[in-house]
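S.K.: requesting a structural model of the entry that follows:
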Amino acid sequence: MSIFQGLSAFPITPADASGRIDTAALARLLKHIAEAGPDSIGLLGSTGAYAFLTRDERRRAVETAIDTVGGKIPVIVGVGAIRTNDAVALAQDAKAAGADGLLLAPVSYTPLSDDEVFEHFAAVANAGQLPLCIYSNPSTTKFTFSPALISRLSKVANIVAVKIPLPSGGDFGSELATLRSITGSAFKIGYSGDWGGAPSLLAGGDTWYSVVAGLLPSQALALTRAAQAGDTVAVERLDAAFGPLWALFKEFGSFRVMYVIAKVLNLCDVDPPRPVLPLSDEVRQRVAAALDRLNDGFPINSTPPIQLGQTGFTRTNRC
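M.R.: Next comes the predicted model:
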């Protein structure tokens, strides 16, 4: 089975105001994910604030992940950077630390051409010598991958998957058919945008790259497995339970909301990196209500109940 398949959980990266990672807190989050049993962990993705961290801190995060969950669950590491040589170095660091795969976004200040992105990805894929997933995130990078460029990149050694945003209008079937016709069946196609994760799997997508699974892995996994089994009744019920949380993600951005979830669940008491500001106490109350709704929507014994502030992560282990 490809490491770019099923449910990939993307945790936050606990760090102080200077960008120094709390490796003990990160290890606890990673164990929490691994115990639930998703198919992979997406370390240092956008949710993991990779763009806010130095190379040394990113290396420490990867080493912590491998020391904590290496060999138990595949670890896919984000290696995006503005300069190609920096992304190459990050890929080499990840490989040396024992990562299982790489995730690369075309980060840039200057708008890039297709040829520039192709050369950037080819260089990183060659340097990393690990399975690499194309990370298409135009809302952040301002670069849009055309089907032709994805097809071209899929022919490069080590580039084996793509992570793409939800399609306009929700037509997963047409997009999947188009991309598979030009990349081949071995190339894995997955989606980000949590409210579309289950529908993408029902439509035949390979992977749900999930933000919420980084803190609520058991609940996200239950929804994933229902979708993979084609159980539309269960998917509708479980996805509805996530509904208030999806609404908060859309309103405030999942990145900000995840820090609130971590505090509400007492998993980690840390603020997002500046200049991103913490959300208000009023939003925290809405997040707590959304988590209560999520609890109510899951059948008894299907997943561990969410205990607000009682997860085993105590305030003595603050980030």
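
S.K.: got the contact list for the strand or helix carrying N126?
M.R.: In this structure, N126 sits in helix 114-128 according to DSSP states H and E. The contact list for helix 114-128, computed with CB atoms under 8 Å, 6 or more residues apart in numbering, reads 79, 84, 87-88, 91-92, 94-95, 102, 104, 106, 112, 132, 134, 143, 145-146, 148-149, 152-153, 156-159. From N, CA and C alone the C-beta is placed, and that goes for glycine too.

S.K.: are any of those residues buried, and which?
M.R.: 79, 84, 87-88, 91-92, 94-95, 102, 104, 106, 112, 132, 134, 143, 145, 149, 152-153, 156, 158-159 (16 or more other CB atoms under 10 Å).

S.K.: inside helices: which ones of the residues you listed?
M.R.: T84, A87, V88, A91, Q92, A94, K95, L149, R152, L153 (DSSP state H).

S.K.: nearest residue to A34 in space, please, no chain neighbours.
M.R.: Distance criterion CB to CB, 6 or more residues apart in numbering; nearest residue to A34, sequence neighbours excluded, is V69 at 4.5 Å.

S.K.: contacting residues around the one you found?
M.R.: Contacts of V69 by CB under 8 Å, 6+ apart are L30, K31, I33, A34, I41, V75.

S.K.: poorly predicted segments of the protein, please.
M.R.: By pLDDT under 70, the low-scoring segments of the chain are 300-303, 307-319.

S.K.: and the longest helix along it, how far out from the chain's middle?
M.R.: In the chain, taking DSSP H as the definition, the longest helix is helix 232-252. Put simply, helix 232-252 sits 17 Å off its chain's centre (CA atoms, centre = their mean, to the nearest Å).

S.K.: what's the answer for stretch 274-291, then?
M.R.: 20 Å.

S.K.: other residues contacting that stretch?
M.R.: 17, 244-245, 247-248, 252, 255-257, 259-261, 263-265, 271-272, 306, 308.

S.K.: which of those are buried? Put it as a ChimeraX command.
M.R.: Entered in ChimeraX, the line below selects the buried ones among these, by 16+ other CB under 10 Å:
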select :244,245,248,252,255,256,257,259,260,261,263,264,265,271,272,306
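
S.K.: any buried residues in the longest helix of the chain, and which?
M.R.: Applying a neighbour-count criterion of 16+ other CB under 10 Å, one finds A234, V235, L238, D239, A241, F242, P244, L245, W246, L248, F249, F252 buried in helix 232-252.

S.K.: helices or strands up against whichever helix or strand comes after it?
M.R.: The first helix or strand that comes after helix 232-252 along the chain, using DSSP H and E, is helix 254-264. Helix 254-264 is packed against helix 232-252, helix 281-297, with contacts defined by 3 or more CB pairs under 8 Å, 6 or more residues apart in numbering; DSSP states H and E.

S.K.: what's the angle from helix 254-264 to helix 281-297?
M.R.: 80 degrees (axes from the mean of the first three to the mean of the last three CA atoms, to 10 degrees).

S.K.: can you check what angle separates helix 254-264 from helix 232-252?
M.R.: Helix 254-264 and helix 232-252 are oriented at 100 degrees to each other (the same axes, to 10 degrees).

S.K.: now do helix 254-264: everything it contacts.
M.R.: So helix 254-264 is contacted by 12, 46-47, 49, 194, 211-212, 214-216, 245, 248-249, 267-272, 276, 278-279, 283-284, 287-288, 291, 308-309 (CB under 8 Å, 6+ apart).

S.K.: cross those against helices and list the overlap.
M.R.: Within the contacts of helix 254-264, residues falling in helices by DSSP H are L245, L248, F249, V283, R284, V287, A288, L291.

S.K.: closest one to A220 out of these, please.
M.R.: L245 (10.5 Å; CB to CB).

S.K.: quick check: closest non-adjacent residue to that closest one.
M.R.: Leaving aside its chain neighbours, L245 sits nearest to A290 (4.4 Å; criterion: CB to CB, 6+ apart).

S.K.: residues near that neighbour, how many?
M.R.: 23 (other CB atoms under 10 Å).

S.K.: tell me how far it lies from T54.
M.R.: Distance of A290 to T54, given as CB to CB, to the nearest Å: 34 Å.

S.K.: which residues belonging to the host helix or strand of T64 are considered buried?
M.R.: According to DSSP H and E, T64 maps onto helix 55-69. In terms of neighbour count (16+ other CB under 10 Å), helix 55-69 has its buried residues at E57, R58, R59, R60, A61, V62, E63, T64, A65, I66, T68, V69.

S.K.: gap between the two ends of stretch 71-87?
M.R.: Terminal residues of stretch 71-87 lie 25 Å apart, using CA to CA, to the nearest Å.
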